[in-house]
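In: Sequence first, then the predicted structure:
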Amino acid sequence: MNSPKKILILLFLFVSLFHQHSYAQTTDVDEGFDPFSDYNEVEQSAEEEADINFFKNGRFLTLGLLIGYRGFTDGFSQGYSSAVSWGVQFSYFFDLQLATSLSYSVSDSSVDFFSYNDANFTSISTHYTGNVNIQTFDLNAKYYFNTENVTRGLADLNPYVLVGIGLFTRTYSLSSSFALEPDKPVGFKIGSGIEIPLMRRRAYLGLQAAYHYVSFPDENNDRIEEIKSGSPTPVLSPIRPRLNGDMYDFTTTIGVNF
């Protein structure tokens, strides 16, 4: 083989090797910056399936009207009557199982208690009657249980538990000239309930039971301040029943889903 042919063959081999080396480096660099190099098809499919399920079966917002029964424990159950409560509720859903809600409710109970002239409760000073207005603002977290594996008849129910914190405002309107200042303690709330879809999931019927743990400023006292004849300053008079305890609600909600 003559010299020119050898030179051409060597040149061809050199160009081929250089081209392959450059292509390999380019491929490595491109893969390093490839935005789809970390793509996980299984994970992406699971997220899409969860989104589709939420759009089909979930709710974003709900607005409901509340009506229910409010009762009391301990001394409140003797001094206050049970009452009808009513209010409104707004809920926002993060996903199928977790939501937060803001609610307002109000009730008016009749009041009946006595003050006494002595610590032995033998001589009645004043018989107090009237009513007490209790308003609550609650901020709650609600967790809904998964009912996909429940029998067909129960699968549409949406059972949940909730915990919350609330601001309570108690205002007395008494028959005597004596007036008690409104108080605004903070309390806690626990409860559970179910929500039943109506009108092809456009609305819902809710049933809920909740317990409010709240400590009013004067419930640890068994006395009340009174202005009595012949005394220029208020006198602490014993009262019965003792006004202490907590509250509980049984509530029905009629709401709309958005």
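Out: Received it, and whenever you're ready, just let me know what you need.

In: which residues does the residue most central in space within the chain bridge with?
Out: Residue closest to the average C-alpha location in the chain (CA atoms, centre = their mean): Asn140, at 1.6 Å. Counting by DSSP bridges, Asn140 forms beta bridges with Ser101, Gly164.

In: Next, find the distance separating it from Thr100.
Out: Distance, Asn140 to Thr100, using CB to CB, to the nearest Å: 7 Å. In this view, the C-beta of every residue, glycine as well, is placed from N, C-alpha and C.

In: Next: Phe121.
Out: 47 Å.

In: before we move on, what about Ile227?
Out: Ile227 is 46 Å from Thr100, by CB to CB.

In: Looking at these two, which is more packed in?
Out: Using other CB atoms under 10 Å, the more surrounded residue of Ile227 and Thr100 is Thr100, with 15 against 11.

In: isn't the more buried one right up against Tyr92?
Out: Yes. Shown here, Thr100 and Tyr92 form a contact pair, counting by CB atoms under 8 Å, at 5.6 Å.

In: so where do the strands sit in this protein?
Out: Assigned by DSSP state E, the strands in the chain fall at 61-72, 83-93, 98-116, 124-144, 158-174, 186-198, 203-214, 223-226, 235-240, 247-257.

In: Tell me which other helices or strands the third one touches.
Out: By that I understand strand 98-116. strand 61-72, helix 74-79, strand 83-93, strand 124-144, strand 158-174, strand 235-240 (3 or more CB pairs under 8 Å, 6 or more residues apart in numbering; DSSP states H and E).

In: pLDDT of that strand, averaged?
Out: Averaged across strand 98-116, the pLDDT comes to 95.

In: The strands of the chain: lowest mean pLDDT?
Out: Among the strands of the chain, strand 223-226 scores lowest, with a mean of 80.

In: What strands flank that one, and is each parallel or antiparallel?
Out: Within its sheet, and counting by DSSP bridges, strand 223-226 is paired with strand 235-240 (antiparallel).

In: Buried ones in the partner strand, by neighbour count?
Out: Ser237, Pro238, Ile239 (16 or more other CB atoms under 10 Å).

In: so what's the first one closest to, chain neighbours aside?
Out: Nearest residue to Ser237 in three dimensions, chain neighbours excluded: Ser115, at 4.1 Å (CB to CB, 6 or more residues apart in numbering).
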